[in-house]
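Next input, structure requested:
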Amino acid sequence: MKGAIILLLCAVCFLGLDAQCPDPGSLKDAEGNKLCARLYEDSNYYYEQSCGGQYLDINPNEDVPTMPLRWNNRASSLVVSKFCSLTVWSRIKKNGSKRKFGAGVVYRLKDVKQGLFGTWNNDISAYYCTC
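The predicted model follows:
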């Protein structure tokens, strides 16, 4: 009985650690303004635990040829709002590989191929988002 109670308490404690990706149809900033996309620093094998850690909000029609230093090559999951698209580049100043993401959730950028051997995990250095 004591073991079951401890197990239940541990399960309740870990529930708060699960991240959950927001719905692309309701992606908004803290003030309630519609976002174009949101990049997250963490992803997970279990989709319900992706979209964790720090995040970077991207506004509609935001064009950033050089990511802020803290975010360069840092994104591991992302969400793009409905009716929006996010174009990303693997190198600053919109150089290197290019990929366009439509509306939806990408739980793990390491599952998105970039070239023959690479992935987009921790490899976004520039972006342009339109709605």
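
low-scoring pLDDT stretches of this protein, where are they?
Where the chain drops to pLDDT under 70, the residues are 1-19.

Would you work out how far apart the start and end of stretch 55-62 are?
16 Å (Cα to Cα, to the nearest Å).

May I see the buried residues of that stretch?
55-56, 58, 62 (16 or more other Cβ atoms under 10 Å). C-beta: built from backbone N, CA, C; applies to glycine.

Looking at the residues you listed, which is nearest residue 76?
Of all the buried residues of stretch 55-62, residue 55 has the smallest distance to residue 76: 10.6 Å, by Cβ to Cβ.

Please, which helix or strand holds the residue nearest in space to the middle of the chain?
Closest to where the C-alpha atoms of the chain average out (Cα atoms, centre = their mean) is residue 78, at 2.2 Å. Using DSSP states H and E, residue 78 sits within strand 77-91.

now the helix or strand hosting residue 55 against strand 77-91, angle please.
Applying DSSP H and E as the criterion places residue 55 in strand 52-58. Between strand 52-58 and strand 77-91, the angle comes out at 70 degrees (axes from the mean of the first three to the mean of the last three Cα atoms, to 10 degrees).

picking up where we left off before, tell me what the residue nearest to the centre of the chain is bridged to.
Counting by DSSP bridges, residue 78 is bridged to residue 39, residue 106.
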